[in-house]
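>>> Here's my sequence, what's the structure:
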Amino acid sequence: MKRHMTLVMSTALLTGATFAETIEVPFETGLTFGKPVIFDIPQFDDLGGTRELLVVTLEVDAVTTGEASAENLAGGTGSVSASLQSDLRVEFPAATELPLTMPCIDSITYPNQMVGPSDGTFGSGPDFAVFGPTEFPCVFSECASSDETDLSPFVGTGTVPASVTLDGNVNVTCGCPALTGGDFEASGIIRITYSTKPVAADATGDCRVNVDDILAVINAFGDLCIQAPCPEDVNDNGVVNIDDLLAVINSFQL
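Numbering: from 1, shown residues only. Okay, the predicted model is just below:
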């Protein structure tokens, strides 16, 4: 099983005493067979309580690669079918209140291939069928704010564990005696951003202000939010109106 981690840290200063700090952890792993591979990510240092963590944004940008093969062991020809299913998951087990389980489950069924009689050489020739390699992309983003979620597991001078599991299923069928196999690998980046600045005018709850927030406000335009809060009522005045739309536009790309 492959394991690889390189820690890359970058800090972007914002106005005044607010800032955002982004930490990237590249990873590479083979099949984990249900046993997580742990990558330690540095916590947010609150400098003895002199600064407050308000928003945590967690992202995964990865790809899983899978392939299957079959080697005809008989003297006749045969038809080979194959399918793959990959399951890549990134979790933060210490952050029990954070709704962050990033599962990427993908599958593919390949067209049948014909294999010739065994030529006595393994791994090549007309008696050998290869399916793939096939790439399964995995891109997720989640965020949480301190007014809704306990962010304390991310605060300190130590680390917070991120667990990565990669499981896969290979199904190869040959109309002949055959030696079959398959393999999976995954690689990508776990990215965590700590911010001491609240995200203003975020109507969709993804800790970003972009065109999705504008569309959300437009779609909810005129809704009353007195009895129940509306996320599109970004200025909390009880109604979704032009003031909310202007607030989103003024905060665009924050």
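
>>> And the strands in the protein?
Along the chain, counting by DSSP state E, strands occupy 3-5, 8-13, 19-30, 37-42, 55-72, 78-91, 101-109, 113-115, 128-145, 159-174, 178-195.

>>> Mean neighbour count, mean pLDDT and distance to Ile226 for these - can I get that in TSV?
Placement of C-beta: from N, CA and C, glycine included. Below are the strands of the chain laid out as TSV (neighbours: other CB atoms under 10 Å; pLDDT from 0 to 100; distance: least, CB to CB, whole Å):
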stretch	mean neighbour count	mean pLDDT	distance to Ile226
strand 3-5	13	44	50
strand 8-13	10	46	38
strand 19-30	18	89	34
strand 37-42	17	90	41
strand 55-72	22	93	27
strand 78-91	21	93	38
strand 101-109	15	86	34
strand 113-115	17	95	64
strand 128-145	18	90	23
strand 159-174	19	92	39
strand 178-195	20	92	30
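
>>> To Asn241, which of those strands lies closest?
Shortest distance between Asn241 and these, using CB to CB, is found for strand 128-145: 23.7 Å.

>>> hmm, back to that, let's have the strands of the chain in JSON lines, adding distance to Asp223.
Shown next, in JSON lines, are those (distance: least, CB to CB, whole Å):
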{"stretch": "strand 3-5", "distance to Asp223": "46"}
{"stretch": "strand 8-13", "distance to Asp223": "35"}
{"stretch": "strand 19-30", "distance to Asp223": "31"}
{"stretch": "strand 37-42", "distance to Asp223": "39"}
{"stretch": "strand 55-72", "distance to Asp223": "25"}
{"stretch": "strand 78-91", "distance to Asp223": "35"}
{"stretch": "strand 101-109", "distance to Asp223": "31"}
{"stretch": "strand 113-115", "distance to Asp223": "56"}
{"stretch": "strand 128-145", "distance to Asp223": "22"}
{"stretch": "strand 159-174", "distance to Asp223": "38"}
{"stretch": "strand 178-195", "distance to Asp223": "29"}
